[in-house]
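**Student:** A predicted structure for the sequence below; I have some questions about it.
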Amino acid sequence: MAAFVRQRFMVALVVLSVMLVVVFILPSSPFLNTNFVTIKGKSTIWDVRRLVEWRPCEWWSNGPLLALPEETNGYIRVDCYGGLNQMRRDLCDGVGIARLLNATLVLPKFEVAAYWNETSGFSDIFDVDYFIHQMRGYIEVIKELPEDLKSKEPVKVDCSKRKGLFDYVEYLIPFLRKDRFISITPAMSQRRDRYPAYAKSALCQACFKALQLKKHLVDKGLQMMEALPKSFLSLHLRFEPDMVAYSQCEYSGLSPASVDAIDAARGDRKPLLGDAARIWRNRGKCPLTPNETAFILQSLGIPNDTPIYLAAGDGLLEVEGLTNFYNKVYTKSSVLDYVDFTSMHGNTKAALDYFISINSEAYVATYFGNMDKMVSAMRALNGKPKTLFLNRKAYAECTSKGMEGDELVEFLWNAHKNDYGMGRGSALPDCFCEFSLQ
């Protein structure tokens, strides 16, 4: 009998331990199984008075700062890897580096096959002639190398793995003078604010004025926008398996299919546990689920019948957490015909998401990645102020304190009201300047 009681006690202890892990370690949505709060009589976030906005700085937008040298130090090709917006970022950095070195820029190489399983290059996505024309005076860009170099492959100088600050001039000029034609991948560790103004102006011009999508992509984007209701909100929602796995965050309440997909993507990158998980989440490092995103949107007064274009990659998890509460959600597959959608590669889809997001009435992002930085900049350039990045840190802070109901809604409203009014989150210090609206 004593053995039986002891066995029952041990089973109960194990069950209690599991319950405590779920409650105290795994974050759960405070509204996962509850009805959303309807905010009556409250304005939307877009009605908040903005005190600050970002505009292109005049020091680069009014023209080149320094005449190009009469002779070039050599020829540089920028090799870009990853998704479309990561490659665009690398190209922008590469333009600044080439100008810093008084080099001539050869059209970049987009190494997309490994990432998107496709072969589209720079000239398949962007208007080459427009790019060359817009860069005149900032840096010389050529389609073809001189005759004596046409048959040569560039000497590859990979700067991407360099740690800490280093001098591009000191490091690359010897390669340029010796080999005349090199290819580079910029280093992520380098700070653009250390570039001289003339090099930084070339970077800004390339990134925000010279990169225009090819006409067939613009036409397709306009066709998609015509199929959407007017005054729609573009939502860049990131909750794909690889995104969640990379974050090392753990979630409760996900479907078994989502859990399996995330576990398959984790590999050796195991989720954080205990205090490390709590600290990481409270720093705003965990992606928002679609359910959490929907709750925050409602807290900000965004009506349930708002048309939402979902600018998201393939494999988005738990999307029902959004569509259960916002019933006018559109995707690429719903506004394109089947043949168009199934024939598109990743770069084309990313380019269309970008085009629609810079032209939508409003833009909301749950992350601040490469696409979000580019979209927010272009929206600032085009005078579209309704741009907001959901505050993951504020959300983690209030839910970790057990806030719920009206208290939670009010906290989220105030946090985002301040962010939107002061232009926080979309700060663009490299090429954009802050202007007071008071």
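**Tutor:** Received it, and whenever you're ready, just let me know what you need. Numbering: from 1, shown residues only.
**Student:** how close does residue 59 get to residue 269?
**Tutor:** With the distance defined as C-beta to C-beta, to the nearest Å, residue 59 ends up 42 Å from residue 269. C-beta: built from backbone N, CA, C; applies to glycine.
**Student:** Where does pLDDT dip in the stretch 301-438 of the chain?
**Tutor:** Per-residue confidence of the stretch 301-438 of the chain (counting by pLDDT under 70) places the weak regions at 425, 427.
**Student:** now the strands for it?
**Tutor:** For the stretch 301-438 of the chain, applying DSSP state E, counting those that start in this stretch gives strands covering 308-310, 329-330, 362-365, 387-389, 432-436.
**Student:** Make TSV out of those strands and add distance to residue 214 and mean neighbour count.
**Tutor:** As requested, the strands of the stretch 301-438 of the chain are arranged in TSV below (distance: least, C-beta to C-beta, whole Å; neighbours: other C-beta atoms under 10 Å):
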stretch	distance to residue 214	mean neighbour count
strand 308-310	21	25
strand 329-330	24	18
strand 362-365	23	24
strand 387-389	25	24
strand 432-436	26	14
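**Student:** Next, format those as JSON lines and append distance to residue 63.
**Tutor:** Conversion of these to JSON lines gives the following (distance: least, C-beta to C-beta, whole Å):
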{"stretch": "strand 308-310", "distance to residue 63": "36"}
{"stretch": "strand 329-330", "distance to residue 63": "40"}
{"stretch": "strand 362-365", "distance to residue 63": "29"}
{"stretch": "strand 387-389", "distance to residue 63": "27"}
{"stretch": "strand 432-436", "distance to residue 63": "16"}
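**Student:** Ok, which of these comes nearest residue 111?
**Tutor:** For the strands of the stretch 301-438 of the chain, the distance to residue 111 is smallest for strand 362-365, at 26.0 Å, taking C-beta to C-beta.
**Student:** could you say what helices and strands that closest one packs with?
**Tutor:** Helices and strands in packing contact with strand 362-365 are listed as strand 233-236, helix 370-381, strand 387-389; criterion 3 or more C-beta pairs under 8 Å, 6 or more residues apart in numbering; DSSP states H and E.
**Student:** Which strands or helices does the first one pack on?
**Tutor:** In this case it means strand 233-236. The criterion is 3+ C-beta pairs under 8 Å, 6+ apart, and the helices and strands that strand 233-236 contacts are strand 308-310, helix 346-359, strand 362-365, helix 370-381.
**Student:** and the third one, which strands flank it?
**Tutor:** What it means is strand 362-365. strand 233-236 (parallel), strand 387-389 (parallel) (DSSP bridges).
**Student:** And the last one, how far out from the chain middle?
**Tutor:** Same thing as strand 387-389. With C-alpha atoms, centre = their mean, to the nearest Å as the basis, strand 387-389 stands 12 Å off its chain's centre.
**Student:** hmm, who's touching it?
**Tutor:** Strand 387-389 is contacted by residues 45, 300, 362-368, 372, 375-376, 379-380, 416, 419-420, 425-426 when judged by C-beta atoms under 8 Å, 6 or more residues apart in numbering.
**Student:** Adding distance to residue 69, write the strands paired with strand 362-365 out as a markdown table.
**Tutor:** As requested, the strands paired with strand 362-365 are arranged in a markdown table below (distance: least, C-beta to C-beta, whole Å):
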| stretch | distance to residue 69 |
| --- | --- |
| strand 233-236 | 41 |
| strand 387-389 | 39 |
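**Student:** which one of those lies closest to residue 222?
**Tutor:** Each of the strands paired with strand 362-365 has some distance to residue 222 by C-beta to C-beta; the shortest is strand 233-236, at 14.6 Å.
**Student:** could the helices and strands packed on strand 233-236 go into JSON lines alongside distance to residue 291?
**Tutor:** Listed next are these as JSON lines, based on distance: least, C-beta to C-beta, whole Å:
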{"stretch": "strand 308-310", "distance to residue 291": "14"}
{"stretch": "helix 346-359", "distance to residue 291": "22"}
{"stretch": "strand 362-365", "distance to residue 291": "15"}
{"stretch": "helix 370-381", "distance to residue 291": "21"}
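**Student:** So which residue is smack in the middle of the protein?
**Tutor:** residue 369 (2.5 Å; C-alpha atoms, centre = their mean).
**Student:** Could I get the contacting residues of that residue?
**Tutor:** Contacts were defined as C-beta under 8 Å, 6+ apart; by that measure residue 369 touches 85, 238.
**Student:** Same check on the one 3 residues further on?
**Tutor:** Contacts were defined as C-beta under 8 Å, 6+ apart; by that measure residue 372 touches 236, 365, 389.
**Student:** and the last one, how far is that from residue 233?
**Tutor:** It refers to residue 389. 14 Å.
**Student:** Does residue 200 touch residue 207 like I think?
**Tutor:** No - with contacts defined as C-beta atoms under 8 Å, residue 200 does not count as touching residue 207, sitting 10.5 Å away.
**Student:** intersection of neighbour lists for those two?
**Tutor:** Once C-beta under 8 Å, 6+ apart is applied, the residues that residue 200 and residue 207 both contact turn out to be residue 431.
**Student:** and the strand or helix carrying residue 175, what does it pack onto?
**Tutor:** When secondary structure is defined using DSSP states H and E, the element that contains residue 175 is helix 168-179. For helix 168-179, the contact count by 3+ C-beta pairs under 8 Å, 6+ apart identifies helix 84-100, strand 155-158, strand 181-185 as packing neighbours.
**Student:** can you redo these as JSON lines with distance to residue 328 and mean neighbour count?
**Tutor:** Formatted as JSON lines, these follow (distance: least, C-beta to C-beta, whole Å; neighbours: other C-beta under 10 Å):
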{"stretch": "helix 84-100", "distance to residue 328": "26", "mean neighbour count": "25"}
{"stretch": "strand 155-158", "distance to residue 328": "46", "mean neighbour count": "14"}
{"stretch": "strand 181-185", "distance to residue 328": "42", "mean neighbour count": "22"}
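**Student:** how about the ones you listed, which one is nearest residue 68?
**Tutor:** Closest to residue 68 of those, according to C-beta to C-beta: helix 84-100, at 8.6 Å.
**Student:** what's the distance between the closest one and the middle of its chain?
**Tutor:** Taking C-alpha atoms, centre = their mean, the mean C-alpha location of helix 84-100 is offset from the chain mean by 16 Å.
**Student:** Next: stretch 383-392.
**Tutor:** Chain-centre distance of stretch 383-392: 13 Å, with C-alpha atoms, centre = their mean.
**Student:** Who does residue 56 form a beta bridge with?
**Tutor:** The partner residues for residue 56, given DSSP bridges, come to residue 432.
**Student:** shaky segments in the stretch 151-300 of the chain?
**Tutor:** Segments of the stretch 151-300 of the chain classed as low confidence (criterion: pLDDT under 70) are 162-166, 188-191, 193.
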